[in-house]
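Chemist: sequence and predicted structure are below.
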Amino acid sequence: MKELKLFNSIINLTWIGVVFMILILGTTMFTNFTYKEETKDVKIIDVVKSPINKNLAIGKALFKSKCAACHHKNMKDDLTGPALGGVTERWSTYPKEDLYNWIRNSSRLIDKKHPKALEIWEEWNYSPMSSFVELSDKEIEAILEYVEM
Ligand code: HEC
């Protein structure tokens with residue numbers, strides 16, 4: 001009889017132990033879960049606040065209003081003008097001001113007989129690109145960042 005009582009209390013203790021473990025595990029998992037959610041939120045806020053992301057938004061807006069009429073928004077297909085994807089790389093043998101100047105006023109660069117300007121001008125059958133003299137370096141930078149995203 002004494003042994004049976006002892007056996008019963010051991011079983012009971014084991015059960016209490018198991019329930020305890022489940023409780024602890026459950027709480028840890030729940031805490032981990034909420035912790036992850038929090039870090040995810042922080043990241044989203046960081047991205048929205050980040051200046052890089054703001055630049056992209058400006059670039060996108062400028063591209064849509066000024067360039068998308070002639071340059072495909074998927075950056076891969078030609079339209080009235082060539083696909084712009086990879087354009088920074090294609091101009092990388094020249095100072096970046098050259099590409100900026102092309103975007104501001106392509107015909108001026110063609111008149112100056114800039115080799116790259118002449119090359120695309122011929123390749124695209126002398127179809128003129130509009131001028132955007134109003135664009136600042138920062139704005140062009142933002143457009144190119146969006147183009148190469
Ligand atoms: C009226 C149509 C038109 C608009 C609007 C236009 N482009 Fe173009 N773009 C062209 C054409 C056509 C070419 C091909 C070269 C040529 O014939 O002048 C070109 C070429 C280019 C090139 C050189 C591409 C290469 O592969 O080297 C860049 C860079 C460029 N455009 C950027 C822009 C940007 C940025 C905007 C907006 C701010 C813009 N373009 C708006 C028509 C346009």
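Modeler: Alright, I've got the coordinates. Just so you know, these numbers come straight off a predicted model, no measurement behind them.

Chemist: ok, residue 118 touching residue 110?
Modeler: Yes: Residue 118 sits in contact with residue 110 when judged by C-beta atoms under 8 Å, with a separation of 6.3 Å. From N, CA and C alone the C-beta is placed, and that goes for glycine too.

Chemist: higher neighbour count, those two?
Modeler: residue 110 (18 against 13; other C-beta atoms under 10 Å).

Chemist: in three-state terms, label the nearest residue to residue 121 once chain neighbours are set aside for me.
Modeler: Taking C-beta to C-beta, 6 or more residues apart in numbering, and ignoring the residues beside it in sequence, residue 121 has residue 110 as its nearest neighbour in space, at 5.1 Å. Here residue 110 is helix, with the state taken from DSSP: H, G, I helix; E, B strand; the rest coil.

Chemist: how near is residue 110 to residue 102?
Modeler: 9 Å (C-beta to C-beta, to the nearest Å).

Chemist: anything in contact with each of the two?
Modeler: residue 117 (C-beta atoms under 8 Å, 6 or more residues apart in numbering).

Chemist: out of everything not next to it in sequence, what's closest to residue 85?
Modeler: Using C-beta to C-beta, 6+ apart, the closest residue to residue 85 is residue 75 (3.6 Å).

Chemist: residue numbers of this structure in contact with the ligand?
Modeler: 66-67, 69-71, 80-82, 84, 87, 90, 102-103, 106, 120-121, 124, 127-130, 132, 143 (C-beta under 6 Å from any ligand atom).

Chemist: for ChimeraX, what selects the buried ones among the residues you listed?
Modeler: A single ChimeraX command selects the buried members of the residues of the chain next to the ligand (16 or more other C-beta atoms under 10 Å):
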select :66,67,71,81,82,84,87,102,103,106,120,121,129,132,143
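
Chemist: got any ranges where the chain has weak pLDDT?
Modeler: 1, 26-49, 52 (pLDDT under 70).

Chemist: and the helices in the chain?
Modeler: 2-49, 51-62, 87-90, 96-104, 106-111, 115-123, 137-147 (DSSP state H).

Chemist: contacts for the third one?
Modeler: Which is helix 87-90. 96, 99, 116, 144, 147-148.
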